[in-house]
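In: dropping a prediction and its sequence here:
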Amino acid sequence: METDRIFEPSREAPDSASKLYNAVYTAFPEAVTNFESKWAAVHAVCYSKTTSAQDDACIRTDEFDALKRLGPKIIPFVVFKLARDDVDQNLWDNALENDPDYRPSLDEDLRRCSSRIVELNYQRNKIVEARVEAWKKVHRENNLQSSSHAFTLCEEYFDLLEMGTSIIAPLMVEYYYNQGGYWWELLHEIIHGRKMGACMYQKPVLFEECRRFFNEGEHGQAPECIVNYVIFPMRSLREPTCATRAVAKVNNCHFQEERSPGIEAARAQQLPPIHSPPETTTAGPWRGEFLQPQPQPNQSVVRRHPVTTTSASAHAVGPGRRLIRNVP
């Protein structure tokens, strides 16, 4: 019957999966090593079970939960495993994939399902490559621009943004080779659903936070920018008071009227003057330590979620265990 035929991906699909896997390994070897250790731990537990290959025993384990918590950034790694045509190592959870267009209809035929996953991701990789090149062209054409609007309010940016969290890995590779670009802004909006909204930042610190998350963090631990604004009294809108100057000194950021929400409310309510924040010798914004102590008013910070890593021993992969799970 036609439905019993094995779906075969295109010849280029496995090569595309290997190419992306190797590109990530070259830029972020720790991320691949972290994934491989958790992948091996899951399979070691699966092979130790006495249940059949069709049971869900493997996915009801702490090892599988630890793997899944890494989130969509590991999709290229899992696809690489499936592209090796080793059905005994099939392990896929549709919960990783947020885009329904690339979420396969999982059925009892593991080989056909894994082949379709490889092909779908190959098609997506081609789209990502084209859109990345288009956005890199925007970077080249606007390299003298001081405002981020030229880079983050263009069609090329939105084309990548709409592809969602499944493209975190290829974007991180591009970020590695172009740390002066606006990849951090794109990644932040893809993961958190909003731009950072900061007036100043330190690009080396931003990259280090993203690198640390990609190497060892779970998806829920992605660095997030928090901007605390101050509503100034009406007189501060025209001439900065001592309080506003102190805030600017703390944050290494000039006071900007258009970046303070609630100004109209301040005009209407005639709020009392704020107190000057205490003097501080903090090195600058964008360091995770700003959450200790409480951030000063009008201060931009990056929330560094605690990253806890568990070193899972890489066990030898045993024979014949297969699992693909469909999560609605």
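Out: Yep, that arrived. Numbers count the residues shown, from 1 in each chain.
In: hey, let's count contacts and neighbours off CA atoms from now on
Out: Fine.
In: where do the helices of this protein begin and end?
Out: With helices called from DSSP state H, the chain shows them at 12-27, 29-48, 62-68, 75-83, 110-141, 149-152, 155-161, 168-177, 183-192, 203-216, 242-251, 263-269.
In: buried deepest among those, which one?
Out: Stretch with highest mean neighbour count among the helices of the chain: helix 75-83 (a mean of 24; mean count of other CA atoms under 10 Å).
In: which elements pack onto that one?
Out: helix 12-27, strand 91-93, helix 110-141 (3 or more CA pairs under 8 Å, 6 or more residues apart in numbering; DSSP states H and E).
In: how about the ones you listed in a markdown table, adding mean pLDDT?
Out: Output for the helices and strands packed on helix 75-83, formatted as a markdown table (pLDDT from 0 to 100):
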| stretch | mean pLDDT |
| --- | --- |
| helix 12-27 | 96 |
| strand 91-93 | 71 |
| helix 110-141 | 92 |
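In: make a markdown table out of these and add distance to residue 217.
Out: Putting the helices and strands packed on helix 75-83 into a markdown table (distance: least, CA to CA, whole Å) gives the following:
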| stretch | distance to residue 217 |
| --- | --- |
| helix 12-27 | 16 |
| strand 91-93 | 19 |
| helix 110-141 | 23 |
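In: can you pull the domain assignment for this structure?
Out: Here the domain parsing of the chain from automatic domain parsing is 2-123+319-325, 135-223, 229-298.
In: follow-up on the earlier one: the helices of the chain: which one's closest to residue 226?
Out: Residue 226 lies closest to helix 183-192 among the helices of the chain, at 11.2 Å (CA to CA).
In: can you dump the C-alpha atoms of the closest one in CSV for me?
Out: Below are the C-alpha coordinates for helix 183-192, written out as CSV (Å, rounded to 0.1, in the frame of the first residue of the first chain):
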residue,chain,number,x,y,z
TRP,A,183,21.9,39.0,17.0
TRP,A,184,21.4,39.5,20.7
GLU,A,185,18.3,41.7,20.1
LEU,A,186,16.8,39.1,17.7
LEU,A,187,17.5,36.3,20.1
HIS,A,188,16.0,38.2,23.0
GLU,A,189,12.8,38.9,21.2
ILE,A,190,12.5,35.4,19.8
ILE,A,191,12.8,33.9,23.3
HIS,A,192,11.1,36.5,25.5
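In: flag the shaky bits of this structure, pLDDT-wise.
Out: For the chain, applying pLDDT under 70 flags the ranges 1-8, 49-57, 85-91, 106-108, 199, 227-328.
In: 50 instead?
Out: Applying pLDDT under 50 to the chain flags residues 1-4, 51-54, 231-301, 306-328.
In: quick one, phi psi at residue 223?
Out: Dihedral pair for residue 223: phi -60, psi 140, per degrees, to the nearest 10.
In: hmm, I typed the wrong one, I wanted residue 153.
Out: Dihedral angles (degrees, to the nearest 10) for residue 153: phi -120, psi 30.
In: and for it, the neighbour number?
Out: 10 (other CA atoms under 10 Å).
In: that one and residue 26, how far apart?
Out: Remark: distance between residue 153 and residue 26 (CA to CA, to the nearest Å) = 31 Å.
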